[in-house]
Each structure stands twice: as C-alpha cells, then as structure tokens.
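Asks: Predicted model follows, preceded by the sequence.
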Amino acid sequence: MHIPKHIELGGKPIAGGKFPLICTPMVGRTFDKLMAELDVVLHKKPDMLEWRVDFFEQIGDSTAVIATATAIKNKAGSIPLLFTRRSIIEGGEKIALTEAQVIALYKKVCASNCIDLIDYEMANDPANIAQVRASACDSGVLLVLSFHNFSFTPGLETLASKFLLADQLGADVAKVAVMPRNLDDVLTLLTATRDASKKLRIPLISMSMGPLGAITRMIGGVFGSALSFAVGAAASAPGQVPIEDLNTVLGIVNKSMGVK
C-alpha cells in the first residue's frame, strides 16, 4: 500500500501523524468577531486553523494583522495556523491591496513568527511566488501553493500539471480545489489526487467543491489528500461539512479500512 505523505512542522507530522488532518477556517471581519469565532472552533478540537485574512476589514494595516495573528496563535496554543489571502480571482474577498502590498504583508507576517503555514496561489507571477517562498523559508514557515477553479473541473492532465507545478515551484504542500459539474468530475479529482500522491515529493491537499464534491472531503484521505477543511463556526468555501460530522465519517472510514 502506498504510504501517504504527512504535513510536517519541525520535522514531525502535525497532530501526531493523524491522516487526514482537519482544518477549520476562520472568516471573522473584525478582531472581536475572530476571537469569538475562535472560541467556538477551539472547543471542536481541529488539527489546524486557517485564517482567511481576505475577510479581515483591517487587512491593509499590517500591525493590526500581525497583532491579530499573534492573538489567534497564543489562544490556539499548539494548533498550527495557516495564513491565507485568497485572491478574488480564485474565490476570495475583494480587498484594496495591490499584489505588491500583499507580498509585503506576507513578508512581515512570516517574519513575525505568528503563523506556521502560508497559502499563495500558483497562478501568480513566478517572481511573486519566489518572493513569498523566500519570505516563508527565511522564517521557517511552510508554503502551500494552491490552485482553485470555482467554475468547473479541468481534465486529468491539467490537474496533474497543477500538482506537479506546486512541487516544481518549491511548495512544501500542494493544494488543488475544483468545482464539479457531475460525479465524473468528482472521480477525475480523486484520480488526480491518487496519481499525484504517488509521484509528488511533497504532501498534497485536494477537494472537489460544492454538494457534489462533499464526498471528497470525507474520503479524500484514502486517495492521498493530507487535509480536509471543515466548518467550525462558518464555511469559507462551498461543500465544507461540520467538523463534528467529518470526524464521525473519518472515524468510520479509518476503522473500516483498518487504519489506527
């Protein structure tokens, strides 16, 4: 059986080697709303947290962003924090920052030692990706290079190329998320995940979005996806299921397959 690649921090797999990990996104628009959201989420014991900073009203104030990330990290304790500005092109919120300002923010946040992982879209200019990668590497932050298509599911070759590109660009983790139009698209995503998990040097995350793709969030780990996003307080993408439900399903799947 192919051994899946775990996401590691400091040379050790997150959550003691649990596979797949469960990450809960946080989308509060203010500091107070984020802290309230965090209180709800932490009681549900996720393996990782994602802060979608593109929802944050003070995203243009790097001091406020760093202070908020630090507060989240302090409250979360040992739970790793993924920092994400999702671009509007790939399903994120509209923000006033230019891409150069986003890269500058990423550099400051990485240097502040208040995050563990950072997400950046691989569709960005290669020079920008190189800058983000350098900032992450300098601070010991893991780089997740991601691709999202909220309209449809590209073909198998295209999906394979996206996984491979993340690896070639120096990502620590590759992420691909696509929207299915039918169940055949869901199978295409799972096939691409399985193939990539056997070829890539790095861990990967994948999902088919929306109601049709929800099943991939539950069984993606069987095909090699190292992490699934689940709702703790509020969803950040279509098809995310509540963390309680996902824990139940993963428990059943793992028990049935003899995974301890």
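Replies: Good, I have the coordinates. Computed from a predicted structure; not experimentally measured. Residues are numbered from 1 along each chain as shown.

Asks: Run a quick neighbour tally on the nearest residue to residue 86 once chain neighbours are set aside.
Replies: Of all residues not flanking residue 86 in the chain, residue 92 sits nearest, at 3.0 Å (CB to CB, 6 or more residues apart in numbering). No exception for glycine: its C-beta is placed from N, CA and C like everyone else's. Neighbour count of residue 92, defined by other CB atoms under 10 Å: 18.

Asks: repeat for residue 251
Replies: Neighbours of residue 251 (other CB under 10 Å): 11.

Asks: List the buried residues of the helix or strand harbouring it.
Replies: Secondary structure assignment for residue 251, by DSSP states H and E: helix 243-256. Using 16 or more other CB atoms under 10 Å as the test for burial, helix 243-256 gives 243, 246, 247, 249, 250, 254.

Asks: Now tell me what touches that helix from outside.
Replies: With contact meaning CB atoms under 8 Å, 6 or more residues apart in numbering, helix 243-256 is reached by 20, 22, 24, 44, 46, 217-219, 221-222, 228, 230-232, 241, 259-260.

Asks: residues touching the nearest residue to residue 141 once chain neighbours are set aside, list them.
Replies: Nearest residue to residue 141, sequence neighbours excluded (CB to CB, 6+ apart): residue 110, at 4.9 Å. By CB under 8 Å, 6+ apart, the contact set of residue 110 is 118, 135, 136, 138, 139, 141.

Asks: Go again with 6 Å.
Replies: Contact analysis of residue 110 by CB atoms under 6 Å, 6 or more residues apart in numbering lists 135, 136, 139, 141.

Asks: Now, of those, which are buried?
Replies: For these, buried by 16+ other CB under 10 Å: 135, 136, 139, 141.

Asks: Name the helix or strand for the second one, please.
Replies: Residue 136 is located in helix 126-139, with elements delineated by DSSP H and E.

Asks: What helices and strands are in contact with that helix?
Replies: helix 99-111 (3 or more CB pairs under 6 Å, 6 or more residues apart in numbering; DSSP states H and E).

Asks: Can you name the element that comes right after the helix it packs on?
Replies: strand 117-121.

Asks: Can you give the strand pairings for that following strand, parallel or anti for each?
Replies: Its sheet considered, strand 117-121 pairs with strand 81-84 (parallel), strand 142-149 (parallel) by DSSP bridges.

Asks: what would those look like in JSON lines with distance to residue 57 and mean neighbour count?
Replies: Below are the strands paired with strand 117-121 laid out as JSON lines (distance: least, CB to CB, whole Å; neighbours: other CB atoms under 10 Å):
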{"stretch": "strand 81-84", "distance to residue 57": "16", "mean neighbour count": "23"}
{"stretch": "strand 142-149", "distance to residue 57": "23", "mean neighbour count": "23"}
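
Asks: Determine which of those approaches residue 7 most closely.
Replies: Residue 7 sits nearest to strand 142-149 of all the strands paired with strand 117-121, at 7.4 Å, using CB to CB.

Asks: Now the two most distant members of the buried residues of helix 243-256.
Replies: 243 and 254 (15.8 Å).

Asks: quick one: secondary structure of residue 22?
Replies: Assigned by DSSP: H, G, I helix; E, B strand; the rest coil, the conformation of residue 22 is strand.

Asks: wait, isn't it in contact with residue 46?
Replies: Yes: contact criterion CB atoms under 6 Å: residue 22 and residue 46 qualify, at 5.3 Å.

Asks: what is in contact with these two at once?
Replies: With CB under 6 Å, 6+ apart as the test, residue 22 and residue 46 reach no residue in common.

Asks: picking that back up, turn the strands paired with strand 117-121 into JSON lines, columns for mean pLDDT.
Replies: Listed next are these as JSON lines, based on pLDDT from 0 to 100:
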{"stretch": "strand 81-84", "mean pLDDT": "98"}
{"stretch": "strand 142-149", "mean pLDDT": "98"}
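
Asks: got TSV for those strands, with distance to residue 202 too?
Replies: Formatted as TSV, the strands paired with strand 117-121 follow (distance: least, CB to CB, whole Å):
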stretch	distance to residue 202
strand 81-84	15
strand 142-149	9
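
Asks: Any idea which of these gets closest to residue 61?
Replies: Nearest of these (CB to CB): strand 81-84, 15.3 Å.

Asks: Noted, bye for now.
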